[in-house]
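1. fold the following.
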Amino acid sequence: MMFDILSDGLHSNVKMNQTIVEAASTIPLIDHHVHGTFSNPITRETFEESINEASLDPIPQFMSQFDSQLGFAIRRWCSPMLGLDMHAPADEYWSSRTTLSSQELDRRMLTQARVGHWVMDTGFSSQAITTPKEFGERAGGLTSEIVRLESIAEALMASEVPVKDFVNAFRSEVEHAAKTAVGFKTIVAYRTGFKIDWTIPFDTEVTIAVTKWANSRQSIPRLADPTIEAFIIHAALSTGLPLQIHVGFGDRDLDLHHTNPMDLLPLLRQPHVRGTSIALLHCYPFHREAGYLAQAFENVYFDIGLAINYLGAQSSQLIRESLELSPFAKQMYSSDAFGLPELHVLGSILWRRGMAAVLSDWVISGEWSESDACRVLKMIGSDNAKRVYKL
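-> Numbering: from 1, shown residues only. This is a model prediction of the structure:
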């Protein structure tokens, strides 16, 4: 079926190399940053909120999130998975979707992604979300865990660990997590942005900051202090495991202009950081800056996950631009899908189609060889992540 998806419906002016199409359709992907799916049935309101990364709530009555690039892509590619014609109207799509359990929706869609290994961030959960074990049983393929640093810190604060013990308690938690996780993730982009002091803070400085945080009397602790952020990130880097950093496009509580990865230079230039793999996640609209950093620093990698789904029919242009500057050994595939199985399968379909179209163009024009194109597909689709996370 995947081969048909890649070769079907392309614009008449797009010439395809069939060897590349077949390679793009059959490669088992490693999704190096992804979340679980909703464990239970959801309302249409939740569904539409979930296909708007900025999280409008509620959706204004004058509009539907189905009327977006992502909404159109869902109706185009996922309708047949529900037994509907392509481009089924939104109401018909939703009506058909509600007849299926969350388990059946996952079975129908996740398996179509042809992902052999899911590297899962378990640190965000707005509703009940499948665990890596549950997700793997529904999706097929192996699962590994990425641990979110802010979640560790906030759990410690909620546990009322004594302020004087916070620094050592956090280090202990990170060391414990490193025994089973394949990497860590930070959402410092959401909490402070990247324009902070990236030097390693003294323990006394961290304790002072933690004291202020504890005295803020938040009912649900939310870490947003630059000193503590710098501390938890350096603590994770000391384990040697890869560190994922959210960059660019995200929810509405993110100040996009403070998430340009060029502001990470003071961190990346520190000698002790150079030995740890840094994965810049998503990156749009800063994917060109991320590509520069990936070619400038031997330990920096990046992906364009998340935005591929939201750009829908225009996603091949993003894929083309992501291949401009960075060495191909420094890029990885991800979907950053959360909640809806539609997002997991669309990430795969749109990436495979976009790569097949872009690489075919370069092969047909004589710029690339067919064998090199197929090799790069495998590098970005799976091999690079396998090496970075030691899968």
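2. downstream of the worst-scoring helix or strand of the chain on mean pLDDT, the next helix or strand is which one?
-> The helix or strand of the chain with the lowest confidence, counting by mean pLDDT, DSSP states H and E, is helix 2-7 at a mean of 57. For helix 2-7, the succeeding helix or strand toward the C-terminus, using DSSP states H and E, is helix 18-26.
3. buried set for that next one?
-> By neighbour count with 16 or more other C-beta atoms under 10 Å, helix 18-26 contains the buried residues Ile20, Val21, Glu22, Ala23, Ala24, Ser25. In short, each C-beta sits where N, CA and C put it, glycine included.
4. likewise stretch 231-251?
-> Of the residues in stretch 231-251, those buried under the neighbour-count criterion (16+ other C-beta under 10 Å) are 231-237, 239, 241-250.
5. and the pLDDT for the residue nearest the centre of the chain?
-> When C-alpha atoms, centre = their mean is applied to the chain, the residue found nearest the centroid is Asp336 (2.8 Å). According to the model's per-residue confidence, Asp336 sits at a pLDDT of 97.
6. which SS state does it fall under?
-> Counting by DSSP: H, G, I helix; E, B strand; the rest coil, the backbone at Asp336 sits in coil.
7. got the phi/psi numbers for it?
-> Dihedral angles of Asp336 (phi, psi; degrees, to the nearest 10) stand at phi 50, psi 30.
8. pretty sure it is touching Leu306, no?
-> Yes: Asp336 sits in contact with Leu306 when judged by C-beta atoms under 8 Å, with a separation of 3.9 Å.
9. what do these two both touch?
-> Among the neighbours of Asp336, those also in contact with Leu306 (C-beta atoms under 8 Å, 6 or more residues apart in numbering) are Leu281, His282.
10. got the contact list for Glu298?
-> Arg274.
11. element containing it?
-> Element membership for Glu298 (DSSP H and E) is empty, with no helix or strand holding it.
12. could you do Arg222 as well?
-> No secondary structure element spans Arg222, as it lies outside all helices and strands (assigned by DSSP H and E).
13. who are the packing partners of the longest helix seen in the chain?
-> With DSSP state H applied, the helix covering the greatest number of residues in the chain is identified as helix 341-364. In terms of contact count using 3 or more C-beta pairs under 8 Å, 6 or more residues apart in numbering; DSSP states H and E, helix 341-364 is assigned the packing partners helix 2-7, helix 18-26, strand 29-34, helix 69-77, helix 102-110, helix 307-311, helix 315-322, helix 370-378.
14. nearest to Ala153, of the ones you listed?
-> For those, the distance to Ala153 is smallest for strand 29-34, at 20.2 Å, taking C-beta to C-beta.
15. who does that closest one touch, helix- and strand-wise?
-> With contacts defined as 3+ C-beta pairs under 8 Å, 6+ apart, the packing partners of strand 29-34 are strand 115-121, strand 278-282, helix 341-364, helix 384-388.
16. distance from stretch 25-39 to the middle of the chain?
-> Centroid separation for stretch 25-39 versus its chain: 10 Å, with C-alpha atoms, centre = their mean, to the nearest Å.
17. give the buried residues for that stretch.
-> Along stretch 25-39, the positions that meet the burial threshold by neighbour count (16+ other C-beta under 10 Å) are 25, 27, 29-39.
18. same question, stretch 211-231
-> Of the residues in stretch 211-231, Trp213, Ala214, Pro221, Leu223, Asp225, Pro226, Thr227, Ile228, Glu229, Ala230, Phe231 count as buried by neighbour count, 16+ other C-beta under 10 Å.
19. quick one: average pLDDT of it?
-> Stretch 211-231 carries an average pLDDT of 94.
20. end to end, how far does it reach?
-> Across its full length, stretch 211-231 reaches 14 Å end to end, with C-alpha to C-alpha, to the nearest Å as the criterion.
21. lovely, talk soon.
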